[in-house]
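Enquirer: this one's structure only:
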């Protein structure tokens, strides 16, 4: 089966770890991101893309689909606009939804014809444990919960075509952004660690492993599922 994987937001953090893991698994990755990676991984093609620019994104996808048969998709790119309920603006809600919901929908639509023709496809959406609720995350939590709703809906619609759709929900992960915002000695960081049964934050490679598992050709009987990669902090919360 074709070994191309389209990954959004693959230049840093979890996205970069996903691309590195997929390189180890023998895939050729296409990284759509506004920012270029510091260094390309093996078999990685980087394409500068503003995922919130619908027209430009549509044009980029049309070109990619003419040149490659892409049967695997990882919707990883995301945006957070932290704010309390009182301070969350409609502009923030719309901006977050544009990247976290509209872009995954558009990309999946554009790749779908090739998947249907092949009667094979793998879609993995990167949600968040915040979909279950988190303070100061009205816009983000709503979008990530919406992404889970789309995951389950697509899974039901596409199963008869041999296409699986699943999601991962990372908890606190030691990305560059997370570590900068949560210094090890800060009380806030200690509170986070106390909420994780495993007593530590996760590593981007651990999320990448979950994503890679769903993308595998042998994962054909798993669809519509959400895998929380959170050190146990969602146990008793996720249904």
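Expert: Cool, got the structure. Source: prediction; values computed, not measured.
Enquirer: now the strands: where do they sit in this protein?
Expert: Ranges of strands in the chain, per DSSP state E, are 4-8, 28-33, 44-48, 72-75, 121-126, 163-170, 226-229.
Enquirer: Among those, which comes closest to residue 199?
Expert: strand 226-229 (15.5 Å; C-beta to C-beta). For glycine as for every other residue, the C-beta is placed from the backbone atoms N, C-alpha and C.
Enquirer: Work out the sheet partners of that closest one and label each with its direction, please.
Expert: Neighbouring strands of strand 226-229 in its sheet, by DSSP bridges, are strand 163-170 (parallel).
Enquirer: Helices along this protein, start to end?
Expert: In order along the chain, the chain carries the following helices (DSSP state H): 13-24, 54-67, 90-97, 103-118, 138-158, 176-181, 187-194, 204-215.
Enquirer: for the last one, packing partners?
Expert: Under the contact criterion of 3 or more C-beta pairs under 8 Å, 6 or more residues apart in numbering; DSSP states H and E, helix 204-215 touches helix 13-24, strand 72-75, strand 121-126, strand 163-170, strand 226-229.
Enquirer: Format these as CSV; extra columns: mean neighbour count.
Expert: Formatted as CSV, the entries for the helices and strands packed on helix 204-215 read as follows, by neighbours: other C-beta atoms under 10 Å:
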stretch, mean neighbour count
helix 13-24, 23
strand 72-75, 27
strand 121-126, 26
strand 163-170, 25
strand 226-229, 20
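Enquirer: before we move on, the earlier item: Serialize the strands of the chain to TSV and add fields for mean pLDDT and distance to residue 115.
Expert: Converted to TSV, the strands of the chain look like this (pLDDT from 0 to 100; distance: least, C-beta to C-beta, whole Å):
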stretch	mean pLDDT	distance to residue 115
strand 4-8	98	11
strand 28-33	98	15
strand 44-48	98	20
strand 72-75	98	9
strand 121-126	98	3
strand 163-170	98	5
strand 226-229	98	21
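Enquirer: in the helix or strand bottoming out on mean pLDDT in the chain, what's buried?
Expert: Taking mean pLDDT, DSSP states H and E as the measure, helix 176-181 is the helix or strand of the chain with the lowest mean score, a mean of 80. Within helix 176-181, the residues scored as buried using 16 or more other C-beta atoms under 10 Å are residue 178.
Enquirer: which residues are contacting it?
Expert: When contacts are defined by C-beta atoms under 8 Å, 6 or more residues apart in numbering, helix 176-181 is touched by residues 12-13, 172, 201.
Enquirer: Take the residues you listed and write them to a markdown table, including pLDDT and distance to residue 117.
Expert: As requested, the contacts of helix 176-181 are exported to a markdown table (pLDDT from 0 to 100; distance: C-beta to C-beta, whole Å):
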| residue | pLDDT | distance to residue 117 |
| --- | --- | --- |
| 12 | 96 | 33 |
| 13 | 96 | 33 |
| 172 | 93 | 40 |
| 201 | 94 | 42 |
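Enquirer: which of those residues lies closest to residue 84?
Expert: For the contacts of helix 176-181, the nearest to residue 84 is residue 172 (20.3 Å; C-beta to C-beta).
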